[in-house]
Structures are given as C-alpha cells and as structure tokens.
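Chemist: quick one, fold the following:
(one chain, ligands or ions: 1)
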Amino acid sequence: MSKTNQGNGACMTRRNFVAGAALAGAAAFGAGMTGCAPKGAPEAGTAKTDAAADIPAWLGQEPDIADADIVKTEETDFLIIGAGTAGLCAAGTAADAGMKFIVAEKNDKVPETREYWGIVNSKPALAQGGEVDGMKLLNELTRYASGKCNQGLIKMWIDESAETFDWVDAMMAAQGKQAVVDMPGDHATGGTDYMTPVLQHIYLTPYQPPMRNDIILEHVQQKAPDSVRFKHALVKLDHAEGSVTGAVFETDEGYVRINAKNTLLATGGYPANPVMMNALQFAAVGCCTASSYYLSDDGLGLRAGIWAGGVKDADAAPMIFDRGAVDAGVDCGYLGEGDDAAFPGTIFQENIGSQPFMKVNRKGVRFCNESTPYDFLCFQAGQQPGGVWCEVFDANAPEDILRFDTMGCSGFAKQMMAAGMPLEEFVAASKDAGILKKADTLEELAEQLGFEGEAKDAFLDQVERYNAQFDAQADDDFGKEAYRLSAIRTAPFYGLWFGGTLLTTLDGLKIDEECRVLDAKNEPIGGFYAAGDVSGSFFSGNYPEYIVGVASGRSSVQGRHVARKLAGDI
Ligand SMILES: Cc1cc2nc3c(=O)[nH]c(=O)nc-3n(C[C@H](O)[C@H](O)[C@H](O)COP(=O)(O)OP(=O)(O)OC[C@H]3O[C@@H](n4cnc5c(N)ncnc54)[C@H](O)[C@@H]3O)c2cc1C
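Modeler: Residues are numbered from 1 along each chain as shown. Here you go, the predicted model:
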C-alpha cells in the first residue's frame, strides 16, 4: 500500500494540523459552506460531521491562533502562498514588476516541474502551423465541464498563454533549454469528434534539471533576494469584513503572521487528503488503485479559503490517469481508514495502461471503447466489478503502439518504441513487481491473470471476437477507430490489471476571470485571489486530457495574470 510516490517532505503534516485544529476553539464558519455541503443536506460522503457546528469532518474548524503565539509579524503588499506552478509565475512576475511581495512555501524546495505545458498559439507553435482556434477551444473546454465553468476565466488562459510562454521562454533559453512543440497526429481519436489542439510544449531535455520551476525560482531569488520563505506552512488566512488581510504560517520558529494588501492562494489540490477525497471525490476513489500525487497537496489551502468565506466548486474534478497497475484481485478504493487511508498500488504510473489495447473486466469481457481520454476509461471501469480492468496485448505491441499514435504523455510509449526500446523494458516496473503476466498461450495467460471457469471461457471468446473485429477493421461493439484495433495472436501474450492513478484535484475555490475568490453571493472577497489547482471555475467532472497540458498551462497563466493585474501591467 502506498501513500504516494511523489513529493518533498512537508515541514508540517496534515495529521499535526488536524490535531491542532481540534484543540482550537470554534471559529466563524460563515458562507464557506455554500456550494460544499449545505446545512441539513450534507452531500454524499460527508455524513460524519462535527457535532458542535455541523461542519463536515473534511473541512473542520478554522484554528484560532492567539496573538501571543505569533513569534513574528511581517508586512507586504502581495503575499503568494505556495511556490508551485502558479505561485512561482506570480512571484517571478511580481519580481519583474518591482513589487513588494513574499512567497511562502511549506517545503524547503519547489515541487518538480510538470513538463507537458499547455500553451495556446505560442510563436513556435504558430511557426509550425499549429494555430489553435481559440473560440473552439473555449467551447470544447466548456463542453468537457458540462458548462460548470467560467468562460471568461478560460478565455483569459487562452488569450494570455502565449505572452506567458514568451516570458518563461526567455528565462529557459538563457539557461540553454529549448522548447519543443508536440504536433498531435491529424487522425480520429476517441470514437467521436474531439478537438486535439496543438498545445503541448516541452523543454529539452525533459526532466533534466534545471527545470522550469527551478529556473523561475532562481529568477525570483536574483531579482528579489528576500522574497522567498521556505518552511512556511499555511495554517489559516486572516480575514475580516469580507476581506483577506494576510495569513498565519507554522515555521520552525513558531507561528509567523504575514499581513498583506493582497493574498494569492496557490497551494495546489487535495489529492493527498483521503478524508477530503472520500467526502468530495466519490467517483475518483471508486476507480483508483494508485497514487502519483504530490504529498504536499493536502487541501489545507482550500479549507483555509473556505474558512475565509470562499466557496468550493459544487462538483468534483479529479485528474486520473489509467496507469495504476496492480496484481490480479486488487480492487479500486482506499485501504485503511480516515487520515491513514491509501490506495493499494505500489506502481505510481505504468504508462502502457494508456495504450488503447483490448481491455476487459473481471468477467473477461470488454466494457468500453478503449480509445478514450485517460479518466473516461477509469470512470467506466469504476462501474465494473472491483473497478479494475485487464489490458491484453501480444508480441506485436511495439508496432501497435506506433500505429495507435496516442497524444500527450501517453505518446511517450510511441517515442520509446520508435527508439527501439524492448517492450519488456518499457514495462519493467510491472515486470519486476510480478504484475505483468506473460505466457505462450492465451489459456495460460488467462489463468495467470486470474480468470477461472466462466470468466476464463468468456476471456478466450472475447479475444477471438476482438481478433475478428481487427480482421474486419470495425469495432461493432464500441466504435473504436479501426487503426486502434490490434490482433492478439502472436506469442508471447501479455496482460496486466489496472485501476486509475490519482494525480491531483482540479475543483477548488470559485474564482472570476481575474482569479478573485468569490463568496457565497458570487461577489469577490477583498484582497483574495486563487490560482492553479486550489482554484475552481475551470474544470468539472474530469480532466480534459486531449487538451494536453492545460492544467499546468492555466496554473502558470493564472499566477502571472494576478501579479500583472496587481502591478497595473494589464
Ligand atoms: C505526477 C504529476 C504529473 C503531472 N504532469 C502534468 C503535466 O505534464 N501537464 C500538466 O498540465 N499538468 C500536470 N500535472 C498537474 C499539474 O502538476 C498541476 O495541475 C499544477 O502543478 C498545479 O499547479 P499549482 O501551483 O496549483 O500546484 P502545485 O504546483 O502542486 O504547487 C502547490 C504548492 O503549494 C505548496 N503548499 C501546499 N500546501 C501548502 C501550505 N499549507 N502552505 C504553504 N504551501 C503549501 C506545495 O508544497 C506546492 O509547492 C501533473 C501532476 C502530477 C502529480
């Protein structure tokens, strides 16, 4: 069972915080409940409430920090909480503008950069003919979100991302990092007419330091040497009369208060908080076997924003990839209770799970079109026994993967096959863990995968049917594109079980097109902004995976936007 495979050590654990909060006196709860769990009608999963104030357990009470316990107070114009994708872009922009600002980060370093960066109509993309129809993209994202979004906010990302790219790119180029634009193949995807715009920008060499976050941090520290406070863990926001006036942090020295004219919350999502996940993300918990989130993203920022009068998106929006490889018989969902709950998987992402090979449930039968956004497959599997699925392929998998030509980070498989990497090396993590099953006959493979009796017969029939569909080049069960069908006839045969792996959450504080946090009346709270995964109003229900890199792209743009706005630059 693994809690996570990502992240730096946090200087204050959530367990410590919850214990501290429990000792604190009751604090004003106010309008923050609206949109989360209306009084008297707790939403699914929030049955357990704080008896004293009818506060859901996942939210808890705002801690009361006595003035006498504050060891130091600082003053600034702009307080940025969280030095991740969004916070660093805000800090770098504030540094350029000569603003008086502080960026307060829980850890002693910045998080690992997310390399697949979604930018609309950058100069290099346009130079390669990758122009994106911004209005179509706006409406595509709105469709993914079922309309539960702020179109003005999405448009701000579309309109300002090329400018943000230019700003970041100058820093990256100065460090010898070159941007590459991924051009998605011009072919049908997902069994219907999805938009697959040119968005994905990666810096060479990916995952080799210095990466984007490191370079922006260096820029900040050079231009504003005293601005960064590591090991400052947000405890609560200071707020009064409809405004946020700063925040209190736990540090090695004790509690530090930072008073600010404006505060930007950029603390990421809440994937590392199983209590919040169980209460707010039913569908995600029901279809995940593994975690690949950042351990620091424990939702304290979101809770603090609600305590300060903010309102959370009504519906969940998880980021789940179809890569949580597990052994036969493992179910989706947490093991353990409450704060200690964790997903069972130990492999954080087995990339081959995103290839549209034949996938069957525990009864040995296909249940959906496998050529689909990562989380769509997981959600469909979540309606099958155990929430898991089994992916099956044969010795010709490398050629199949090249033909499938998937996009985004699943395209990594294609790149590795094109480079001649042996298939079993590509799935080495699952192979070494004994999760990858390999056999010379399909009967033997079925047994290794745990199919018995009727399920084994059904599995063998299913392979036969799938092979016939490949021969006919027509999926008359689920409408998968013909080029994404594959034959399963050439030994050795391979199979492995999967559930989803949880990366982050994307439902957060409702914000307007200026990233101002909204209260229960949809009015901005004074001096209070949110950006990135702690903010909402952008996604709903899913992560639009074919809009590659939109998560980190919008986080960067939102962070920069807030700082530019406060600096009077826009
Ligand atoms: C493994 C993985 C891979 C991903 N790959 C991609 C990708 O390729 N493309 C893409 O678009 N998206 C990707 N994502 C999603 C993307 O990382 C996020 O959407 C994006 O980073 C959000 O930015 P953020 O600034 O909101 O949060 P983060 O970048 O997570 O930063 C939040 C910061 O706040 C700090 N913090 C948290 N709590 C506190 C507190 N109480 N006090 C002070 N500081 C605090 C954290 O330590 C962290 O530094 C990936 C996510 C994961 C987990």
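
Chemist: drop to CA atoms for contacts and neighbour counts, all remaining ones
Modeler: Noted.

Chemist: chain neighbours aside, what residue packs nearest to E75?
Modeler: N259 (4.9 Å; C-alpha to C-alpha, 6 or more residues apart in numbering).

Chemist: tell me the pLDDT at the closest residue to A381 other than its chain neighbours?
Modeler: Leaving aside its chain neighbours, A381 sits nearest to G387 (5.0 Å; criterion: C-alpha to C-alpha, 6+ apart). Among the per-residue scores, G387 shows a pLDDT of 98.

Chemist: okay, now G387: neighbour count?
Modeler: The tally of other residues near G387 (other C-alpha atoms under 10 Å) stands at 25.

Chemist: which stretch of helix or strand covers S296?
Modeler: Using DSSP states H and E, S296 is not contained in any helix or strand.

Chemist: would you mind measuring from it to V220?
Modeler: Going from S296 to V220 by C-alpha to C-alpha, to the nearest Å gives 22 Å.

Chemist: just give me the residue right at the centre of the protein.
Modeler: In the chain, the C-alpha nearest the mean C-alpha coordinate belongs to T504, at 3.2 Å (C-alpha atoms, centre = their mean).

Chemist: right, and that one touches N273 too?
Modeler: No - counting by C-alpha atoms under 8 Å, N273 is not a contact partner of T504; they are 10.5 Å apart.

Chemist: what do these two both touch?
Modeler: Listed contacts common to T504 and N273 are D297; contacts here mean C-alpha atoms under 8 Å, 6 or more residues apart in numbering.

Chemist: now for the residue nearest to the centre of the chain: which residues touch it?
Modeler: G269, Y270, P271, Y293, Y294, D297, P318, M319, I320, D533.

Chemist: same thing but at 10 Å, please
Modeler: 268-272, 291-294, 297-298, 317-320, 533, 543, 551 (C-alpha atoms under 10 Å, 6 or more residues apart in numbering).

Chemist: keep only the residues you listed that also lie close to the ligand.
Modeler: The subset of these within reach of the ligand, by C-alpha under 6 Å from any ligand atom, is G268, S292, Y293, Y294, D297, D533, A551.

Chemist: the fourth one and P111, how far apart?
Modeler: Going back to what we said before, that points to Y294. From Y294 over to P111 (counting by C-alpha to C-alpha), the distance is 8 Å.

Chemist: who has more neighbours out of these two?
Modeler: Of the pair Y294 and P111, Y294 is the one with more neighbours under other C-alpha under 10 Å, namely 23 against 18.

Chemist: residues in contact with the residue in the chain sticking out farthest from the centre?
Modeler: What lies farthest from the middle of the chain is G453; by C-alpha atoms, centre = their mean that is 39.4 Å. When contacts are counted by C-alpha under 10 Å, 6+ apart, G453 touches K363, E447.

Chemist: please shift the residue numbers so they start at 14 in all later answers.
Modeler: Okay, residue one is now 14; in that scheme the one you just asked about reads as G466.

Chemist: quick one: end-to-end distance for stretch 409-427.
Modeler: Stretch 409-427: ends 13 Å apart by C-alpha to C-alpha.

Chemist: any part of it near the ligand?
Modeler: No - judged by C-alpha under 6 Å from any ligand atom, stretch 409-427 stays clear of the ligand, getting no closer than 7.0 Å.

Chemist: list the buried residues for that stretch?
Modeler: 409-411, 413-415, 417-424, 426-427 (16 or more other C-alpha atoms under 10 Å).

Chemist: quick revisit: among the ones next to the ligand among the contacts of T517, which are in strands?
Modeler: Among these, DSSP state E puts none in strands.

Chemist: among the residues you listed, which ones are in helices?
Modeler: When DSSP state H is applied, the ones next to the ligand among the contacts of T517 are split such that A564 fall in helices.

Chemist: neighbour-wise, which of the ones next to the ligand among the contacts of T517 leads?
Modeler: Per-residue neighbour counts (other C-alpha under 10 Å) across those peak at G281, which has 32 neighbours.

Chemist: ok, it - contacts?
Modeler: 94-100, 307, 309-315, 517-519, 521, 543-548, 568.

Chemist: repeat the analysis, applying 8 Å as the threshold.
Modeler: G95, G97, D310, G312, G314, G545, D546, V547.

Chemist: gap between it and G433?
Modeler: Distance from G281 to G433, by C-alpha to C-alpha: 37 Å.

Chemist: could you look up the SS state of the residue lying closest to K274 once chain neighbours are set aside?
Modeler: Distance criterion C-alpha to C-alpha, 6+ apart; nearest residue to K274, sequence neighbours excluded, is D90 at 4.9 Å. When classified by DSSP: H, G, I helix; E, B strand; the rest coil, D90 comes out as strand.

Chemist: quick one: D90 from Y479, how far?
Modeler: Taken as C-alpha to C-alpha, the span from D90 to Y479 is 63 Å.

Chemist: who's more crowded, these two?
Modeler: Neighbour comparison, D90 and Y479: the larger count goes to Y479, with 22 against 16 (by other C-alpha under 10 Å).

Chemist: got the contact list for that one?
Modeler: Counting by C-alpha under 8 Å, 6+ apart, Y479 has contacts M371, A500.

Chemist: who does the longest helix seen in the chain touch, helix- and strand-wise?
Modeler: In the chain, with assignment by DSSP H, the single longest helix is helix 164-187. The helices and strands touching helix 164-187, judged by 3 or more C-alpha pairs under 8 Å, 6 or more residues apart in numbering; DSSP states H and E, are helix 147-157, helix 225-236, helix 563-580.

Chemist: I271 is in contact with E88, correct?
Modeler: Yes - judged on C-alpha under 8 Å, E88 makes contact with I271 at a distance of 5.7 Å.

Chemist: between these two, who's got more neighbours?
Modeler: Between E88 and I271, I271 has the larger neighbour count (other C-alpha under 10 Å), namely 23 against 15.

Chemist: show me the contacts for that one.
Modeler: I271 touches T86, E87, E88, T89, L92, G259, A260, V261, F262, counting by C-alpha under 8 Å, 6+ apart.

Chemist: please apply the same query to L277.
Modeler: F91, L92, I93, I94, G100, F541, Y542, A543, A544, V575.

Chemist: how close does it get to the ligand?
Modeler: 11 Å (C-alpha to the nearest ligand atom, to the nearest Å).

Chemist: give the bridge partners for the residue nearest to the centre of the chain, please.
Modeler: M332 (DSSP bridges).

Chemist: that one and N535, how far apart?
Modeler: Distance from T517 to N535, by C-alpha to C-alpha: 25 Å.

Chemist: what do you get for V241?
Modeler: In terms of C-alpha to C-alpha, V241 sits 32 Å off from N535.

Chemist: elements contacting the helix or strand following the longest helix of the chain?
Modeler: Next along the chain after helix 164-187, taking DSSP H and E as the criterion, comes strand 191-194. Counting contacts by 3+ C-alpha pairs under 8 Å, 6+ apart, strand 191-194 is packed against helix 136-140, strand 213-217.

Chemist: rerun that using 7 Å as the cut-off
Modeler: Judged by 3 or more C-alpha pairs under 7 Å, 6 or more residues apart in numbering; DSSP states H and E, strand 191-194 is in contact with strand 213-217.

Chemist: what are the buried residues along stretch 311-321?
Modeler: Buried-residue list, stretch 311-321, by 16+ other C-alpha under 10 Å: D311, G312, L313, G314, L315, R316, A317, G318, I319, W320, A321.

Chemist: domains of the chain?
Modeler: 20-45+87-328+522-583, 331-515 (automatic domain parsing).

Chemist: let me see the mean pLDDT of the first one.
Modeler: On average, the pLDDT along domain 20-45+87-328+522-583 is 92.

Chemist: now the helices for the stretch 364-513 of the chain?
Modeler: 387-394, 410-417, 424-431, 436-439, 441-445, 455-461, 466-485 (DSSP state H, counting those that start in this stretch).

Chemist: thanks a lot, catch you later.
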